[in-house]
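# no sequence for this one, just the structure:
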């Protein structure tokens, strides 16, 4: 299980020597297709849960889902000749987005704590975080294995995004569950604040063009 969710594993030196003009493997397209489809669903449900339940923890989780959606798209865009996008530009864009979203999460969590707002229980939020907690470690492992085979650095970084998603799903699920079953309203906001350092560290790593070494 440790290997499924480990973050920060980078390709070996031989794997980095990857030819970007080489034909991508069918497995890469399949993996990224699954990721894009899942991230659209995950982000949609997370955004709905965050808005309807007023949950900062779901806002943090949904923020990472949005960034991972961008990350998965970037991997595919590398092999589309019509669209010219550099990996450096794409990762820095994702980095800035992570920083902005982290500030939004902090603002929502602090406001909720200050005004003593009580997030509502969210079955949709609990359901999507449980699903992500089960699915994302497996998807991260599949991506990491294919990254080693193909030498695709961008795919290795995207595997890190998927692994990070599992950690954030656990944090969000904890906040939602404690609030729903023990009626501790402030725990949801605290869970959101716990997720912020992960978002910031992931953002710094993306800005430097590295895979995240957190957790």
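Received the coordinates, thanks. Computed from a predicted structure; not experimentally measured. Residues are numbered from 1 along each chain as shown.
# Which helix or strand contains the residue lying closest to residue 173 once chain neighbours are set aside?
Counting by C-beta to C-beta, 6 or more residues apart in numbering, residue 129 is the residue found nearest to residue 173 once chain neighbours are left out, at 4.0 Å. In short, each C-beta sits where N, CA and C put it, glycine included. Mapping residue 129 onto the secondary structure by DSSP states H and E places it in helix 123-150.
# What are the buried residues along that helix?
Across helix 123-150, burial judged by 16 or more other C-beta atoms under 10 Å covers 124-126, 128-129, 132-133, 135-137, 139-144, 146-148, 150.
# Now it: average pLDDT?
Taken as a whole, helix 123-150 has a mean pLDDT of 90.
# picking up where we left off before, wait, what's in contact with the residue nearest to residue 173?
Residues counted as contacts of residue 129 (C-beta atoms under 8 Å, 6 or more residues apart in numbering) are 61, 169-170, 172-173, 176.
# Go through the residues you listed and name the one nearest residue 162.
Distance to residue 162, by C-beta to C-beta, is smallest for residue 169 among the contacts of residue 129, at 10.7 Å.
# What number of residues are in the vicinity of residue 47?
17 (other C-beta atoms under 10 Å).
# Secondary structure element holding the nearest residue in space to residue 46 that is not next to it in sequence?
Nearest non-adjacent residue to residue 46, counting by C-beta to C-beta, 6+ apart: residue 62, 3.2 Å away. Residue 62 belongs to helix 56-77 when elements are defined using DSSP H and E.
# and that helix, what does it pack onto?
On a contact count with 3 or more C-beta pairs under 8 Å, 6 or more residues apart in numbering; DSSP states H and E, helix 56-77 meets helix 26-53, helix 87-114, helix 123-150, helix 153-182, helix 186-208.
# quick one, it and helix 87-114 angle?
For helix 56-77 against helix 87-114, the angle by axes from the mean of the first three to the mean of the last three C-alpha atoms, to 10 degrees is 170 degrees.
# How far away from the center of its chain is helix 56-77?
5 Å (C-alpha atoms, centre = their mean, to the nearest Å).
# So for that helix, mean pLDDT?
For helix 56-77, mean pLDDT is 82.
# I'd like the contacts of residue 129 written out as a markdown table, with distance to residue 119 added.
Listed next are the contacts of residue 129 as a markdown table, based on distance: C-beta to C-beta, whole Å:
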| residue | distance to residue 119 |
| --- | --- |
| 61 | 13 |
| 169 | 17 |
| 170 | 18 |
| 172 | 11 |
| 173 | 14 |
| 176 | 8 |
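# Once you drop chain neighbours, what's closest to residue 47?
Closest to residue 47 by C-beta to C-beta, 6+ apart is residue 62, at 5.0 Å.
# Name all residues that make contact with the one you found.
Here residue 62 is in contact with 42-43, 46-47, 49-50 (criterion: C-beta under 8 Å, 6+ apart).
# Over to residue 92?
206-207.
# same deal with residue 99?
200, 203.
# Closest one to residue 156 out of the contacts of residue 62, please.
residue 42 (21.2 Å).
# Does that closest one touch residue 130 like I think?
No. Between residue 42 and residue 130 there is no contact under C-beta atoms under 8 Å: 11.7 Å.
# can you pull the buried residues of stretch 64-81?
64-79.
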